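Enquirer: take this sequence and fold it.
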Amino acid sequence: MKSFFSIPRFYKRLISIVADFLFIAIAFVGAFHVRLGNLTLFKDTEYVYVLLLLSVSTVILFIRTGLYRAVLRYLSVHALLIIVLTCLASSVFLVILGYFTDLFIPRSIPIIYGAFLLLLCGGSRLLVRVSVSKQKSWNKENVIIYGAGESGRQLLNLLRQGDEFHPVAFVDDEKKLLKTVVNGLTVYGSNNLGFLIKRKGVEKILLAMPSAHRHERKKIIDSLVELPVEVLSIPHFEELLNGSATVDQLRDVPIEDLLGRDCVPAKPELLGANIKDKIVMVTGAGGSIGSELCRQILFQQPKSLILFELSEFALYQIDKELTEMAAAQQLKVEIIPLLGSVQRQNRLLTILKSFKVQTLYHAAAYKHVPLVEYNVVEGVRNNVFGTYFTALAAIEAKVESFVLISTDKAVRPTNVMGTTKRMAELSLQSLAAEQHDTRFCMVRFGNVLGSSGSVIPLFKRQIAEGDHVTITHPDIIRYFMTIPEAAGLVIQAGAMGKGGDVFVLDMGEPVRIVDLATNLIKLSGLEVKSAENPFGDIEIKYTGLRPGEKLFEELLIGDNVMGSEHERIMRANESFVPYSEYKQTLERLDHACENFDHELIREILLSVPAGFNPTDDIGDLVWKAKKRNN
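Expert: Numbers count the residues shown, from 1 in each chain. Model (predicted):
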C-alpha cells in the first residue's frame, strides 16, 4: 500500500480510470445477470456498443466533476456525493440509450446498474481510505480526546490527517453524548477512562475543552492526575478566537488550569481611565510584568507609550513586539523606546517633562530574593532610591498618576528584597501626604506565573531532563496569578487610586509548591520517585530555604482592609512615616550605600517601619569577600 501511494499522481489517476472502466462493465453485466439470470443477450454486439458508450460517457463525467483530482486517503463527503450523482447520471444515460437503440433493457436494469456502480466505485475508494487510515494508525500513538464538542471533532479530523496521534475514543461528561458515535468514534463517560487506557493502550489524553471555565478544567485535570498517561491540552478559547493559535497546537496543561481560578472580567471604564488618549510611561518595560502592562496599555489606545528600560535587548524585544502588534491591529499609538536607569533622576525628569507624561507605571525593580541578598547595595539603590527618584521626577514633571508595582514579599519581610519594596511603598506613602499634583498608589500581589523568577519553567525543564525536581521545603506555599490578570488588575487599581493607596490583589487560595510539582510530574505521564515508590521516574529533592526565603507570604500587614470598585482588588490602610522623617532615613541609607557599609545598611533597614525580620546574616558577596580577605 505504501509503495502504491508513492507512485506519481498521473499513474494513480490512470489506474483509477482503468478500474472505473472495469467497474462500469461489471455493474452493467451484473445488472443483466441479476435481472435475467443469464447473459445470452450479450450475443448481440449492440449491447457491447452500448456498454462501450456508457463506459466512456461515465468516465468523462467522472473527469469533468473532478473525481480523479481527489486524494483517496483524504476522501471527503463531497467526493462521495460526486460519485452518487455521477452514478445516478450514468443510470439515466443508460435509460436514454435503451430508448434510442430499441434494445431490450428492462426498467429495473438501470436501477440495479446504478446501485452496483455506486458500490464498486464508491466502495473501492472508501476501502482504500480505510486501509490507508489503518496502516497509518499502526505507527501512530493511541490517544483519547476529552471533549466531544466542536473543538474535539475538529481535533479528531486534524489528527487523522497527521502522522503522530491515532484517536481511539472520545470522553465526555455530557450525558446525552454517552454511547453515541461522533465522526466514527464512540463517546464514553469519564468513569470508563481507566478501562479505556488499558484496553486501547493509550499513553496520552488530549483535552479539547477550550471554552470551559478554569474551575471546570481543574476538576477534570484533578481526576486525570492519578492515571498513567500524559495529559496535553489544546489552546484556550480566546487564543482560538483571535487566531493566535489553532486546535492542533497541543501543549502541556497550562499551569493556570491547575490553579483552577477563573479571571474576573475587566471593567472597561477602569482600564481606560488613566490611559486612553494619554501619554503613558512604563519603567522596566522589558520585564515580565512591565511588558504585559505595555501590551494591555497599547490596546487601551494611549496617545503615546514610552518604554523605559535598562536592558538594551529587553527594550529591543518589547519595542519590536508592540510595533508589530500596533500595525496588525491598526492602532495609532506612538511607541517610544528609551534606554535608561531609574537611579538617574535627571534622565527621568528630562523624559517626563519632554514628553509631558500623564500616567506612569513603575515596574522597574530587582525581584529575585537570593540575588538581592547577594547584591545588597544594588538592590537598595534600584528598589528604594530608583522608586524615590522616579517619584520625585514625577512630582516635578506634574505627572497625574503614578502606580508602583509592589510584592507580597514587602509584608513582614525576612529578606532585603522584600524590605526594599516595602521602603519603596513608604516613599510613595510619605510623598502622597505632601502637597503636589501627582496621585500615588501601589499595587501589591504575589507570584505571577511565567515571570522571570517563576518556579514553573524550572520545574518543566527539570521534568523534561528526566532526573529530579528541586523544591526548597516540603511545606512552602505561595500565591499565584497569571501575568495578564495581574497586569490588568494593576491598571484597574491605578485608576481607583486617590492618593497613597495600597491596593492588594485577591490571589485566591495559596498553593503548596510540592503539590504543584507532583501534579506536573504526573500530568507528564510520569511517576514520582519516593521511598514508597522506588521505581518512579522523577524524584523530588528538597534543597532547603534560600537566603531570606519564607515558608509562606502575606499580602496584608494588618487586618484593616476594605473592598473597592473591583471584586478582586482590596484597599489596605497601613501606617507610614512623615516625609521629613523618611527623607532623613534615606540620606543615612544613601551614605551607607556610598561607603558599602553593610552593617549600617542592615541597621537602617531594621530601624525603618518596614517590619524587617531577617532570617540570615548579611549575604552580600562583595562584603563577604572583603571581610574574608582582610
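Enquirer: for the helix or strand that residue 49 is a member of, packing partners?
Expert: With the criterion set as DSSP states H and E, the secondary-structure element containing residue 49 is helix 45-64. Taking 3 or more C-beta pairs under 8 Å, 6 or more residues apart in numbering; DSSP states H and E as contact, the helices and strands that helix 45-64 lies on are helix 9-36, helix 77-101. For every residue, glycine as well, the C-beta is placed using N, CA and C.
Enquirer: next, the buried residues of that helix.
Expert: Residues of helix 45-64 classed as buried by neighbour count (16 or more other C-beta atoms under 10 Å): 47, 50-51, 54-55, 57-59, 61-62.
Enquirer: same check, this time on stretch 421-437
Expert: Judged by neighbour count using 16+ other C-beta under 10 Å, the buried positions of stretch 421-437 are 421-432, 436.
Enquirer: which one of these is nearest residue 283?
Expert: residue 424 (12.0 Å; C-beta to C-beta).
Enquirer: quick one: residue 437 and residue 398 touch, right?
Expert: Yes. With contact defined as C-beta atoms under 8 Å, residue 437 counts as touching residue 398 (5.0 Å).
Enquirer: tell me the secondary structure at residue 179.
Expert: coil (DSSP: H, G, I helix; E, B strand; the rest coil).
Enquirer: wait, what's in contact with it?
Expert: Shown in contact with residue 179 (C-beta atoms under 8 Å, 6 or more residues apart in numbering): 186-188.
Enquirer: switch the cut-off to 6 Å
Expert: For residue 179, no residue counts as a contact, taking C-beta atoms under 6 Å, 6 or more residues apart in numbering as the criterion.
Enquirer: could you number the chain from 11 rather than 1 from now on?
Expert: In the new numbering, first residue 11, that becomes residue 189.
Enquirer: what about it, distance to residue 359?
Expert: Spatial separation of residue 189 from residue 359 under the definition C-beta to C-beta, to the nearest Å is 72 Å.
Enquirer: what's the answer for residue 205, then?
Expert: Between residue 205 and residue 359 the computed distance is 70 Å (C-beta to C-beta).
Enquirer: looking at the two now, which is surrounded by more residues?
Expert: residue 359 (18 against 10; other C-beta atoms under 10 Å).
Enquirer: wait, that one sits on residue 401?
Expert: No. With contacts counted by C-beta atoms under 6 Å, residue 359 stays clear of residue 401, the gap being 11.3 Å.
Enquirer: could you give the number of residues near residue 306?
Expert: Burial measure for residue 306: 16 neighbouring residues, criterion other C-beta under 10 Å.
Enquirer: touching, it and residue 497? I think so.
Expert: Yes. Contact status for residue 306 versus residue 497: in contact at 5.3 Å, counting by C-beta under 6 Å.
Enquirer: could you list the low-pLDDT ranges of the stretch 61-210 of the chain?
Expert: Residues of the stretch 61-210 of the chain that meet the criterion pLDDT under 70 lie in 79-88, 142-148.
Enquirer: now swap in the chain and tell me
Expert: Looking along the chain with the criterion set at pLDDT under 70, you get 11-17, 19, 50-52, 79-88, 142-148, 246-258, 270-274, 460-464, 563-573.
Enquirer: now do the strands in the stretch 211-360 of the chain.
Expert: Remark: strands of the stretch 211-360 of the chain, listed N- to C-terminal, are 214-217, 240-243, 261-262, 289-293, 314-319, 344-349; assignment by DSSP state E, counting those that start in this stretch.
Enquirer: now stretch 111-124 - C-alpha only, CSV.
Expert: Output in CSV follows, covering the C-alpha atoms of stretch 111-124 (Å, rounded to 0.1, in the frame of the first residue of the first chain):
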residue,chain,number,x,y,z
THR,A,111,-31.5,1.9,-29.6
ASP,A,112,-34.7,-0.2,-29.2
LEU,A,113,-32.6,-2.8,-27.2
PHE,A,114,-34.3,-4.9,-24.6
ILE,A,115,-33.4,-3.2,-21.3
PRO,A,116,-35.9,-3.9,-18.5
ARG,A,117,-36.8,-0.9,-16.4
SER,A,118,-35.1,-2.4,-13.3
ILE,A,119,-31.8,-2.7,-15.1
PRO,A,120,-30.7,1.0,-14.7
ILE,A,121,-31.6,0.8,-11.0
ILE,A,122,-29.6,-2.3,-10.4
TYR,A,123,-26.8,-1.0,-12.6
GLY,A,124,-26.6,2.3,-10.6
